[in-house]
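no FASTA, just this:
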């Protein structure tokens, strides 16, 4: 049984492979291969075709909706009841790992195969879903596009008219790869949704725990600022007569790092604050920096904490630039609020873990997932498996086979429970 | 008399003009014009031709050496004595100011014209020089190339084989613009050298003093470092598990700024320390910075102070990266040692300033000049005129006409004294 999923992963890891890194292995898969499978790529179509074939072989009936989401249905004995849905996405970032997304789809298919092996009769219909364009690596505007469409946050017209980095619309891409369907999934028909995914952070790997049960998905604020000083000759301008934009920016980088660390240590809700982007102008060795552009990424499960760190950072920068005679312009992005997942699903997954004898911990997802869209229309839960060294979006992304196997066992157990009408 | 030089400056300011900024005026010159006159440009040839014509009209006999340096000679009554030389360079940075370099050449020509107007008979021969390629904006390898060749720091082959940003050698450029001569200036034949130049810093403008007499030219060290941390997902990596290369880099930016300020305030020798260059990789909002490249510019008139700040910065970075578990690689450029100019020339210029009733101050040059090469073969001095707001290498570069006039009067007076055999 186990080998079926391993073989699927070995097959799919070759799709869109961009490099070989001979580091680890799942049997025949003896490399950590970077993969590129953005929507519209050949590798993405090949993976879609393989997914449909696997769904059909597993006895699922396949339907495609207008934005290319793929649904594989196993009818239930009480087929008019709302469905329980499992799945994730097939697209990847450029030169990312082969598990981010695809693992959750094939874990869903494998769970159904195991139920069939046991002649388990589900009451509710089961749907395995492969969402379109979660990463937004091709269609920048539309990260988590497929699930946003399913739950009604985005219209079909809006989704289909988004353009990728080559200027092609999703409509054009789906017409070409044969995945623009006409099925319309009614979001009222979904009772519960579960997604198995790699953690993408170091918590499980550090603590050597094979399964994480997600309670919260962090919210996110992107804060952008431009600090303008005076660009002068680095050799001729005395230290006390400078308006150095980089020195002020350095203070801001230190501030958000220090405050996020303090808040994370002192509060119940985890918080992170990162300066991921910093560009200096003119960036010449012998010119005092005239302008610095900064990008801060702030995430927490507490909207209040996010707002607090955002406000503190803005007010720190305003105060400092005023004191030093520089100019600062702030631009705050729309904030995505944190999402709390369903207590009922968390408990169902926990029970399944206990039954299968798998160690687990409750945790938070710092990254965004389709699950957070699904939470607006159904009971939702997530199962994490460890990312070695917490690395993701990288050819070095890896999860040990034993951990994947444990995650799939827990998913199968929870799927059994949820497919009963209670 | 005054208007001759003003007319020269109005004429030359149009050569290589790249933009108009209607801010200030010298009579007909009613704009602050950015100019681009790198070696090999048409504007550079036009300016060279005009310079030669002005030299000849002033009664100077013109000779060109192998790297394109232009010498205009006024014979002396004791013509076998060593010469007194005045001048600067004609090339400019891209979109720089029209005075940086050219002013010193035309001030030299004007000084000679004034001596002729007075029927002054110089004993030593006087040479007005226009050096090739001081800025290094075209021939990157060869900043201060012309004077380096004259004093024997660079061979003709080395100079002529340097390539500009278009891949052309100086030899090709000089063949094309007609300025590869065969004159060989014997550096033993120079007794004294003086250069009039814009200050490029804010000291004279801030204190409202028209003339600076340079005692020292700062040395310079360029220190480059690469800090390598671990690039991880900004949302999923807890604050206490990060190796954020930018946070460490920000500490280094703060450190060199603070220490340079402290040293400048507490010591006799001025010092400046700047992080002019900082680049972040991958520089994505949602990825913890994996690598930061830093470039520090350290200058002082005291080699010991430069070495001290360089050592402190290296040891700060080594300590901090070790403490935080990051990697740092340092690369120190060749240090250009500070240069002390001739006491005798400083006093000669001071006397000339006192005679002409011009206020002055002794000062340091933070920027590099041909003078520092000349100091290795002759008594040398520099006269600075104020840069409005300390701005240079910019279309906003400006010096008020009255200040230029005062600088040229002092230069003329000093040239008189130095051209007598004492």
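That came through fine. Keep in mind that this is a model prediction, so the values were computed, not measured.

for residue A:299, phi and psi?
Main-chain torsions, residue A:299, degrees, to the nearest 10: phi -140, psi 140.

ok, now residue A:12?
phi -70, psi -30.

now do residue A:294
Per-residue torsions, residue A:294: phi -120, psi 140 (degrees, to the nearest 10).

Residue A:329 too?
Reported as degrees, to the nearest 10, the phi and psi values for residue A:329 are phi -120, psi 130.

That one reaches residue A:223, doesn't it?
No. If you go by Cβ atoms under 8 Å, residue A:329 and residue A:223 don't touch, sitting 11.7 Å apart. Just so you know, the C-beta spots here come from the backbone N, C-alpha and C atoms, and that holds for glycine as well.

Neighbour count for those two, which is higher?
Ranked by neighbour count (other Cβ atoms under 10 Å in any protein chain shown), residue A:329 and residue A:223 place residue A:223 first, with 23 against 12.

Can you name the residues that contact the more buried one?
A:295-296, A:298, A:310, A:313-314, A:330-333 (Cβ atoms under 8 Å, 6 or more residues apart in numbering or on different chains).

who wins for neighbours among the residues you listed?
That'd be residue A:296 among those, by other Cβ under 10 Å, with 30 neighbours.

Check for me that that one belongs to a strand.
Yes. Assessed by DSSP: H, G, I helix; E, B strand; the rest coil, residue A:296 belongs to a strand.

which strand residues sit across from it in the sheet?
residue A:223, residue A:275 (DSSP bridges).

hmm, back to that, among the contacts of residue A:223, which ones are in helices?
A:310, A:313-314 (DSSP state H).

Would you tell me what the next helix or strand after the lowest-mean-pLDDT helix or strand in chain A is?
In chain A, the helix or strand scored least confidently by mean pLDDT, DSSP states H and E is strand A:17-19, which has a mean of 69. Sequence order places strand A:34-35 as the next helix or strand after strand A:17-19, per DSSP states H and E.

Tell me the buried residues in the following helix or strand past that next one?
Next helix or strand after strand A:34-35 toward the C-terminus (DSSP H and E): helix A:42-57. Buried positions in helix A:42-57, judged by neighbour count with 16 or more other Cβ atoms under 10 Å in any protein chain shown: A:43-48, A:50-52, A:54-55.

Format those as CSV; extra columns: distance to chain B and pLDDT.
Below are those laid out as CSV (distance: Cβ to the nearest Cβ, whole Å; pLDDT from 0 to 100):
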residue, distance to chain B, pLDDT
A:43, 22, 90
A:44, 22, 93
A:45, 27, 93
A:46, 27, 93
A:47, 23, 96
A:48, 26, 97
A:50, 27, 97
A:51, 25, 98
A:52, 30, 98
A:54, 29, 98
A:55, 30, 98
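
Residue of the stretch 301-422 of chain A nearest chain B, please.
Residue of the stretch 301-422 of chain A nearest chain B, by Cβ to the nearest Cβ: residue A:366 (3.5 Å).

Isn't that residue up against residue A:299?
Yes. Between residue A:366 and residue A:299 there is a contact at 5.8 Å, judged by Cβ under 8 Å.

Spell out the residue ranges of the strands in the stretch 101-250 of chain A.
Along the stretch 101-250 of chain A, counting by DSSP state E, counting those that start in this stretch, strands occupy A:126-131, A:190-198, A:211-217, A:219-228.

What segments of the stretch 301-422 of chain A are strands?
Under DSSP E, counting those that start in this stretch, the stretch 301-422 of chain A gives strands at A:327-332, A:339-340, A:360-365, A:379-385.

The shortest one pairs with which strands, and in what direction?
The strands beside strand A:339-340 in its sheet (DSSP bridges) come out as strand A:211-217 (antiparallel).

Show me the contact partners of the strand it pairs with.
A:199, A:203-204, A:301, A:338-341, A:346, A:349-350, A:353, A:358-365, A:368-369, A:371-372, A:375, A:381-386, A:403, A:406-407, A:410.

quick one on the thing from earlier: could you redo the strands of the stretch 101-250 of chain A as CSV and give each row mean pLDDT and distance to residue A:100?
Formatted as CSV, these follow (pLDDT from 0 to 100; distance: least, Cβ to Cβ, whole Å):
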stretch, mean pLDDT, distance to residue A:100
strand A:126-131, 98, 13
strand A:190-198, 98, 6
strand A:211-217, 97, 15
strand A:219-228, 92, 18
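
Spatially, which residue comes closest to the residue of chain A most remote from its centre, not counting chain neighbours?
Distance to the chain centre peaks in chain A at residue A:236, reaching 49.5 Å (criterion: Cα atoms, centre = their mean). With Cβ to Cβ, 6 or more residues apart in numbering or on different chains as the criterion, residue A:236 has its nearest non-adjacent residue at 2.9 Å, and that residue is residue B:201.

Then residue A:391?
In space, residue A:391 is closest to residue A:397, 5.7 Å off (Cβ to Cβ, 6+ apart).

quick one: contacts for residue A:340?
So residue A:340 contacts A:215-216, A:301, A:375 (Cβ under 8 Å, 6+ apart).

how about a cut-off of 6 Å?
Residue A:340 sits next to residue A:216 when contact means Cβ atoms under 6 Å, 6 or more residues apart in numbering or on different chains.

So in terms of bridging, what pairs with it?
residue A:216.

Quick check: residues of the stretch 51-200 of chain A near chain B?
Applying Cβ under 6 Å from any Cβ of the partner chain, we find that the stretch 51-200 of chain A lies next to chain B at residue A:200.

from the stretch 51-200 of chain A, which residue is nearest to chain B?
For the stretch 51-200 of chain A, Cβ to the nearest Cβ, closest residue to chain B: residue A:200, 4.6 Å.

what's the burial count for the closest residue to that residue other than its chain neighbours?
Residue nearest to residue A:200 in three dimensions, not counting chain neighbours: residue A:392, with 3.8 Å by Cβ to Cβ, 6+ apart. Residues lying near residue A:392 (other Cβ under 10 Å) number 25.

Return the distance of residue A:392 relative to residue B:231.
Using Cβ to Cβ, to the nearest Å, residue A:392 is found at 11 Å from residue B:231.

Could you pull up the residues touching the residue nearest to residue A:202 when sequence neighbours are not counted?
Spatial nearest neighbour of residue A:202, excluding adjacent residues (Cβ to Cβ, 6+ apart): residue A:390 at 2.9 Å. Residue A:390 makes contact with A:201-202, B:232, according to Cβ under 6 Å, 6+ apart.

Mind giving me the ChimeraX select for the contacts of strand A:211-217, buried ones only?
In ChimeraX, a selection of the buried entries from the contacts of strand A:211-217 looks like this (16+ other Cβ under 10 Å):
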select /A:199,203,204,301,338,339,341,346,349,350,353,358,360,363,364,365,368,369,371,372,375,381,382,383,384,385,386,403,406,407,410
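
any low-confidence regions in the stretch 101-250 of chain A?
Within the stretch 101-250 of chain A, the set of residues satisfying pLDDT under 70 comprises A:136-142.

Now for residue A:293: which residues touch it?
Contacts of residue A:293 by Cβ under 6 Å, 6+ apart are A:226, A:279.

three-state assignment of it?
strand.
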